[in-house]
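> Next comes the sequence, and after it the predicted model I'd like to discuss.
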Amino acid sequence: MSTLADPSRPTVADFHRVNRGGGLFSESVSQWIGAVFALVAQRLGLRPTALTITNLVLGLAASVTVVALAGPVAAGDVPAWVVGLAALVGWQIAYALDCADGQLARVTGQGSAAGARVDVLCDVAAQIALVAALSAVAVAQRPSTPTWLVATFAGTWMVNLVTSVMQSGPNAASMVTSTSLPVRLIKLIRDYGAVIFVAALVLALAPALVFWVIVAFTVVNGGFLLASIAFSARASLR
């Protein structure tokens, strides 16, 4: 039985209530924006997959723009803040739509296995494009950027997505279960909404530092991968 006062007229709060988290920034910003998008989509009679595809198109458009203008920005022909602002708006709206499709599916009962697969596949495509964008800027700003670093950055970046998918089933587990504010602040380093916000700010204000951004996230995600392997191995041996 539905818990909504009026199942045919859900509110923004109703959509946000069913969000799947993502971290402090995502829950406080991205999921609320997503709830607004979900409400509009419900009023227009759109299906969740329509939001998923729109998320992919916007995310790809923002990343392709960053890749295409990485050289001109490095050469000083295009202002960095213009590209950074475009990336900030495009990536954040795309992510909010990614939050919205799940909210819409859960509140309206339109969820399906096929829709979930499309969602994950679009997330993979969007994040590949994002990694390509940051890598392109790093190389354009610092041509001596090692190929192995770019490859390792690309591989370890997907750890967040893989672990998120793994935690959605009956065998889900978390290494750190505390929900205290200090812990949640530390976890911002793996909050996708916060990460793309910071990445876009660096693109806009100091693109030369993107090299160090990919170094930082390679270390963080690589370390989390190793810790996750150790955590899961220990649990399996008990």
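Ah, there it is.
> can you count the residues close to Leu237?
As a burial measure, Leu237 scores 6 neighbours (other C-beta atoms under 10 Å). C-beta: built from backbone N, CA, C; applies to glycine.
> Can you give me the distance of it to Ala227?
16 Å (C-beta to C-beta, to the nearest Å).
> pLDDT weak spots in this structure?
1-8, 164-179, 181-183 (pLDDT under 70).
> Which residue ranges of it form helices?
12-17, 24-25, 31-44, 48-75, 80-108, 113-141, 147-157, 159-166, 181-186, 192-205, 210-236 (DSSP state H).
> Need the winner for burial among those helices.
helix 80-108 (a mean of 23; mean count of other C-beta atoms under 10 Å).
> So which elements touch that helix?
Counting contacts by 3 or more C-beta pairs under 8 Å, 6 or more residues apart in numbering; DSSP states H and E, helix 80-108 packs against helix 12-17, helix 31-44, helix 48-75, helix 113-141, helix 192-205.
> who's in contact with the residue nearest the centre of the chain?
For the chain, the residue nearest the mean C-alpha position is Tyr192 (3.9 Å; C-alpha atoms, centre = their mean). Counting by C-beta atoms under 8 Å, 6 or more residues apart in numbering, Tyr192 makes contact with 22-23, 26, 95, 160.
> how close does it get to Thr52?
For Tyr192, the distance to Thr52 equals 16 Å [C-beta to C-beta].
> Likewise for Trp148?
34 Å.
> leaving aside the residues next to it on the chain, what's closest to Val73?
Ala80 (5.1 Å; C-beta to C-beta, 6 or more residues apart in numbering).
> Likewise for Thr218?
For Thr218, the spatially nearest residue (C-beta to C-beta, 6+ apart) is Phe153, at 4.6 Å.
> Touching, that neighbour and Ala216? I think so.
No: in this structure, Phe153 is not within contact of Ala216 by C-beta atoms under 8 Å, at 9.8 Å.
> shared neighbours, these two?
Joint contacts of Phe153 and Ala216 (C-beta under 8 Å, 6+ apart) do not exist.
> and Leu188, how many neighbours does it have?
16.
> ok, it - contacts?
Per C-beta under 8 Å, 6+ apart, neighbours of Leu188: 23-25, 194.
> This completes my enquiry, with thanks.
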